[in-house]
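1. have a look at this prediction, sequence included:
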Amino acid sequence: MKISSFNRGLLSFLDDSPTPFHATDNIKSALEDAGFIALAETERWRLKPNKAYYVTRNDSSIVAFRMPNPAEETGFRMIGAHTDSPCLKLKPNSLYKASGYWQLGVEVYGGVLLNPWFDRDLSLAGRITCRTHTGSLFNTLLNIKQPIAIIPSLAIHLDREANKQRNINEQTYLPPILGLAGEELDLKTIIKEHLIKEGYHKKEIEIIDFELSLYPSEPANLIGLNKEFIAGARLDNLLSCFTACQTIIDTKAKTNQLIICNDHEEIGSGSTSGARGTFLRDVLT
């Protein structure tokens, strides 16, 4: 692949993958277009030597592989990455009024640089769990795309030490402003309205739950006088995810190849990894 084509693809991937759910869905679509076959963890696998496969977990992690040779004889060439990036996640009951504004309660996820989140155009994306009028449950992805929130900085005359030292209280400084606290708002109603715009019939769905996070809505771009640099949110670690996906699609080597894009920065560590941390081990065994 030419560098220009790779860069265009990466920029699109960054813009289209605001959450691990979107990143996994985009990787899955690219793999399917390249002929990879979906597997289910709950079914017995009957693999064929000249075929390529993938399997997902929680809609946010994905493993893809092709295995022309017995694994116990030649092993694998592997690439590992993670689909998640540092962000601000919405709390379960996040919408509240304060000082005449509607705000969103958030929690910091990952190793976040907090200062760059101020004065940014923020949008909302993630996974929504819905129920139909017949009672069946399904998950769908939401990406509002346009900016709907902001975390404003105080004016310099109200915070004279801002350029010298800035200690950020995550609970009081980071909840973004969503709007004026005039009319009543309901977050599930806001979500449903956006889903309806995307084609879901108003009477057919009920919002049961959601996993949403804020993200900077500015698009990724090539910058510099000669376009030497790539600037964009979530470069850590979506660059590696995109590279891994393109590598396993484009490579023609007759070796066993495997990529894992996991929804946790460190496989098998940390309190949130749990079953996800065993994903690679489960696939290989």
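-> Sure, I can see it. Note that the structure is a prediction, hence the values are computed from the model and not measured.

2. specify the local secondary structure of L178.
-> strand (DSSP: H, G, I helix; E, B strand; the rest coil).

3. now T172
-> When classified by three-state DSSP, T172 comes out as helix.

4. hmm, L11 is touching E218, no?
-> No. Counting by CB atoms under 8 Å, E218 is not a contact partner of L11; they are 12.0 Å apart. C-beta: built from backbone N, CA, C; applies to glycine.

5. number of nearby residues for E72?
-> Residues near E72, counting by other CB atoms under 10 Å, number 6.

6. you'd agree it is in a strand?
-> No. Looking at E72 with three-state DSSP, it is helix, so not inside a strand.

7. and the strands in the stretch 51-200 of the chain?
-> 52-57, 61-66, 77-82, 87-98, 101-109, 122-132, 137-143, 177-180 (DSSP state E, counting those that start in this stretch).

8. quick one: which of L11 and E218 has more around it?
-> Using other CB under 10 Å as the criterion, L11 and E218 rank with L11 on top: 18 against 15.

9. for that one, which non-adjacent residue is spatially closest?
-> Of all residues not flanking L11 in the chain, A220 sits nearest, at 4.6 Å (CB to CB, 6 or more residues apart in numbering).

10. got phi/psi on H133?
-> Main-chain torsions, H133, degrees, to the nearest 10: phi -70, psi -20.

11. for it, which non-adjacent residue is spatially closest?
-> Once flanking residues are discounted, H133 sits nearest to E204: 5.3 Å by CB to CB, 6+ apart.

12. show the pLDDT at the residue of the chain most remote from its centre.
-> Distance from the centre of the chain peaks at H157, with 37.5 Å (CA atoms, centre = their mean). pLDDT recorded at H157 is 90.

13. for it, give its distance to I177.
-> According to CB to CB, to the nearest Å, H157 and I177 sit 20 Å apart.

14. same check on A233?
-> 20 Å.

15. same check on S136?
-> 37 Å.

16. which one's more surrounded, those two?
-> Comparing S136 with I177 by other CB under 10 Å, the one with more neighbours is I177, at 19 against 8.

17. contacting residues around the more buried one?
-> By CB atoms under 8 Å, 6 or more residues apart in numbering, the contact list for I177 reads 101-103, 149-152.

18. looking at those, which is nearest F210?
-> A149 (15.5 Å; CB to CB).

19. which residues does the spatially closest residue to the closest one that is not a sequence neighbour contact?
-> Sequence neighbours aside, P176 is the residue nearest to A149 in space, at 3.9 Å (criterion: CB to CB, 6+ apart). Listed by CB under 8 Å, 6+ apart, the contact set of P176 reads 88, 103-104, 106, 122, 149-151, 214.

20. now, of those, which are buried?
-> With burial judged by 16 or more other CB atoms under 10 Å, the buried subset of those is 88, 103-104, 106, 122, 149, 151, 214.

21. and the pLDDT for I177?
-> Value for I177, per-residue pLDDT: 97.

22. roughly how far does the residue nearest to it when sequence neighbours are not counted sit from L178?
-> Once flanking residues are discounted, I177 sits nearest to Y101: 4.9 Å by CB to CB, 6+ apart. Y101 sits at a distance of 7 Å from L178 (criterion: CB to CB).

23. between the two, who's got more neighbours?
-> A count of neighbours by other CB under 10 Å puts L178 above the other of Y101 and L178, at 21 against 15.

24. show me the shaky parts of this structure.
-> Scanning the chain with the threshold set as pLDDT under 70 gives 1, 202-203, 265-285.

25. how does it look with 50?
-> For the chain, the stretches flagged by pLDDT under 50 are 267-277.

26. biggest helix in it, by residue count?
-> In the chain, taking DSSP state H as the definition, the longest helix is helix 235-250.

27. what's in contact with it?
-> 1, 6, 9-10, 13-14, 17, 23, 27, 30-31, 34, 52, 64-66, 79-86, 257-259, 261, 265.
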